[in-house]
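Trainee: Return a 3D structure for these sequence lines:
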Amino acid sequence: MKLPREFYLRDGLTVARELIGKKLVTNLPEGLTSGLIVETEAYMGAIDAAAHSYRGKTERTKIFYGAGGFVYVYLIYGRNICTNVVANVEDVPEAVLIRALQPVDGVELMKRRRNKNNLRELCSGPGKLSQALGITKSFYGSDLCGEEIFIETAETFPIAATKRINVDYAGEAANYLWRFVAAGNKFLSAN
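Mentor: Numbers count the residues shown, from 1 in each chain. Predicted coordinates for the structure are as follows:
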């Protein structure tokens, strides 16, 4: 069952934790692909120096300032797309980075998109999972209650909280335990 809008209209920490075990799906002309969300990171706006929305509203971050349940994508290292879920209510700029998936549907298509055969490496990082699911910059602003990209209820995993990855620049915020993982899952990101 597809998650309703209300799921996303809560604080980013709650959404990040509760996304663990849900299934992220893309339904594109070349096929349907999906994976269980096994790793997320919360980014909490004005109180979080690691968040893109920390310094306020820009052309890039305007999507954060709408209601939750929409997609925020951005390019990192000049080549990798990172896929985020906008959380909370209008004017509360929070989001959740999807860091890793356990592949479920469309695995052969994911392997072709990634040019990889190792199942564990298909979606074990934000750029990898975006490529495997066919997520591009054009997904910026996509409605997660639509038909092209959405999240469904799925599994229940034991959850652990850790520090976020690659946010050393964020001072004290680098130590917040705002990364959530399916404890012991073999599909987590390498970092």
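Trainee: Tell me where the chain has strands.
Mentor: Counting by DSSP state E, one finds strands in the chain at the ranges 23-28, 31-43, 71-76, 80-87, 94-103, 149-152, 159-162, 179-182.
Trainee: could you say what helices and strands the second one packs with?
Mentor: Under the contact definition 3 or more Cβ pairs under 8 Å, 6 or more residues apart in numbering; DSSP states H and E, strand 31-43 sits against helix 12-19, strand 23-28, strand 94-103, helix 107-114, helix 126-132, strand 179-182. For glycine as for every other residue, the C-beta is placed from the backbone atoms N, C-alpha and C.
Trainee: for the fourth one, same thing?
Mentor: Judged by 3+ Cβ pairs under 8 Å, 6+ apart, the packing partners of strand 80-87 are helix 5-8, helix 12-19, strand 71-76, strand 94-103, helix 126-132.
Trainee: Convert the shortest one to PDB, retaining C-alpha atoms only.
Mentor: Provided in PDB are the C-alpha atoms of helix 5-8 (Å, rounded to 0.1, in the frame of the first residue of the first chain):
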ATOM      1  CA  ARG A   5       0.600  12.300   2.400                       C
ATOM      2  CA  GLU A   6       0.100  12.300   6.200                       C
ATOM      3  CA  PHE A   7       3.100  10.000   6.600                       C
ATOM      4  CA  TYR A   8       5.400  12.700   5.300                       C
END
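Trainee: chain center to it, what's the gap?
Mentor: Remark: helix 5-8 is offset 15 Å from the chain centroid, using Cα atoms, centre = their mean, to the nearest Å.
Trainee: Residue ranges in the chain under the pLDDT threshold?
Mentor: Where the chain drops to pLDDT under 70, the residues are 191.
Trainee: so can I have CSV of the helices and strands packed on strand 80-87 showing distance to residue 52 and mean neighbour count?
Mentor: CSV is the format used below for these (distance: least, Cβ to Cβ, whole Å; neighbours: other Cβ atoms under 10 Å):
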stretch, distance to residue 52, mean neighbour count
helix 5-8, 17, 17
helix 12-19, 12, 22
strand 71-76, 7, 18
strand 94-103, 8, 26
helix 126-132, 13, 24
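Trainee: Just name the most buried of the strands of the chain.
Mentor: strand 94-103 (a mean of 26; mean count of other Cβ atoms under 10 Å).
Trainee: Could you list the paired strands of it along with their orientation?
Mentor: Applying DSSP bridges, strand 94-103 is found paired with strand 31-43 (antiparallel), strand 80-87 (antiparallel).
Trainee: got the angle for the longest one vs helix 107-114?
Mentor: By that I understand strand 31-43. 70 degrees (axes from the mean of the first three to the mean of the last three Cα atoms, to 10 degrees).
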